[in-house]
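Engineer: Turn this into a model:
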Amino acid sequence: MIFEDLQKVFSVALYQFGQSNSIAVELENIGASTSTDTPFLVDFLLLAPTEQADLGINEFRQGIYQVDINYASHLGSAPLNKMADLLNSVFFAGSHITRNDICAQVESVDLGPLLVEGGWAKKPLSINFNAYTPRI
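Structural biologist: Model prediction:
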């Protein structure tokens, strides 16, 4: 499984989500705003080791696609929770996301605790997934 394509399976979907919901998406925290006037999402791909696949698939991977939701801390947790709900309507347990030959299935979605630092409030949304490529 090509790492770049696996990253893009989720990053492209997140970027499209950001465009549709008028929130900035800073892929892997590159170009993230320093002004708390601009809320944004940041993504990270955390992979488990590659496993040899079985019948019908070439390669199998598990991991976590983490999306950090960032808003100004003085706004409280309500906008973060609302954004988490919107994200969960796209990345929900049982949903599938594909790119090229890669198919990723969301197994579960978990929302982490509220973290406050430097004027920002952040909540990490962990999207647990399985991904595979079909056997050629």
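
Engineer: Could you use CA atoms for every contact and neighbour count after this?
Structural biologist: OK.

Engineer: can you list the weak-confidence ranges in the chain?
Structural biologist: Counting by pLDDT under 70, the ranges of the chain that qualify are 1-2, 29, 50-58, 134-136.

Engineer: mind redoing it with 90?
Structural biologist: Where the chain drops to pLDDT under 90, the residues are 1-8, 27-35, 47-61, 98-103, 132-136.

Engineer: Strands of that one, residue ranges please.
Structural biologist: In the chain, the strands defined using DSSP state E lie at 24-27, 40-47, 51-52, 57-72, 96-99, 102-111, 115-117, 120-134.

Engineer: Using JSON lines, lay out these together with distance to Pro79.
Structural biologist: Below are these laid out as JSON lines (distance: least, Cα to Cα, whole Å):
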{"stretch": "strand 24-27", "distance to Pro79": "14"}
{"stretch": "strand 40-47", "distance to Pro79": "11"}
{"stretch": "strand 51-52", "distance to Pro79": "39"}
{"stretch": "strand 57-72", "distance to Pro79": "7"}
{"stretch": "strand 96-99", "distance to Pro79": "26"}
{"stretch": "strand 102-111", "distance to Pro79": "14"}
{"stretch": "strand 115-117", "distance to Pro79": "14"}
{"stretch": "strand 120-134", "distance to Pro79": "10"}
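
Engineer: who wins for proximity to Lys8 among the ones you listed?
Structural biologist: Across these, the minimum distance to Lys8, taken as Cα to Cα, is reached by strand 96-99, at 7.5 Å.

Engineer: so what strands line up beside the closest one?
Structural biologist: The strands that strand 96-99 pairs with in its sheet are strand 102-111 (antiparallel) (by DSSP bridges).

Engineer: Quick one: residues in contact with the partner strand.
Structural biologist: Strand 102-111 is contacted from outside by 1, 5-6, 9, 84, 88, 91-98, 123-134, using Cα atoms under 8 Å, 6 or more residues apart in numbering.

Engineer: Recalculate using a threshold of 6 Å.
Structural biologist: By Cα atoms under 6 Å, 6 or more residues apart in numbering, the residues outside strand 102-111 that reach it are 93-97, 125-133.

Engineer: likewise stretch 23-33?
Structural biologist: Contacts to stretch 23-33, defined as Cα under 6 Å, 6+ apart, come from residues 15, 18, 40-44.
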